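Enquirer: sequence unknown, structure follows:
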């Protein structure tokens, strides 16, 4: 039969008449990485429901959340995320609950301010080991 065997048949529709077939297929195959970014933006940063009715306001929202995602990825690359119970592919929600939403209180002791963090995770001790106040 024509459609059975070791080959996989696919179709790519394009209006690019200048690129070769190989260049078109390679460009199409790069799309997979971008779709993961859109999945992350939709599920983690609220791109699935835009907050406003007007395009200009939504554009600002999209740009700011994309910028926040870049900051988040930079923080994740610089932190030892395993110590916080995260991994390099953790979504923003897990990051917020494990790293940011931690109860803490500034207390004054021995004529200086110390950040008292109420968690059993000792990974915070290395980050906040500076003299505050």
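Expert: Perfect, thanks for sending it. The model shown is predicted, which means the values in this text are computed figures rather than measured ones.
Enquirer: what's the first helix or strand after the helix ranked longest in the chain?
Expert: Secondary structure assigned by DSSP state H gives helix 55-78 as the longest helix of the chain. Using DSSP states H and E, the helix or strand that follows helix 55-78 in sequence is helix 92-95.
Enquirer: can you tell me how far residue 98 sits from residue 121?
Expert: Using CB to CB, to the nearest Å, residue 98 is found at 8 Å from residue 121. Yep, even glycine has a C-beta here, placed from its N, CA and C like the rest.
Enquirer: of the two, who's got more company?
Expert: Using other CB atoms under 10 Å, the more surrounded residue of residue 98 and residue 121 is residue 98, with 17 against 13.
Enquirer: how is this protein partitioned into domains?
Expert: 1-101, 103-133 (automatic domain parsing).
Enquirer: can you lay out those domains as a markdown table showing mean pLDDT?
Expert: Shown next, in a markdown table, are the domains of the chain (pLDDT from 0 to 100):
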| stretch | mean pLDDT |
| --- | --- |
| domain 1-101 | 87 |
| domain 103-133 | 76 |
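Enquirer: ok, the residue nearest the centre of the chain - contacts?
Expert: Centroid check for the chain by CA atoms, centre = their mean gives residue 69 as the closest residue, at 4.9 Å. Residue 69 makes contacts with 40-41, 44-45, 92, as judged by CB atoms under 8 Å, 6 or more residues apart in numbering.
Enquirer: go again with 10 Å.
Expert: Contacts for residue 69 (CB atoms under 10 Å, 6 or more residues apart in numbering) come out as 37, 40-41, 44-45, 47, 92.
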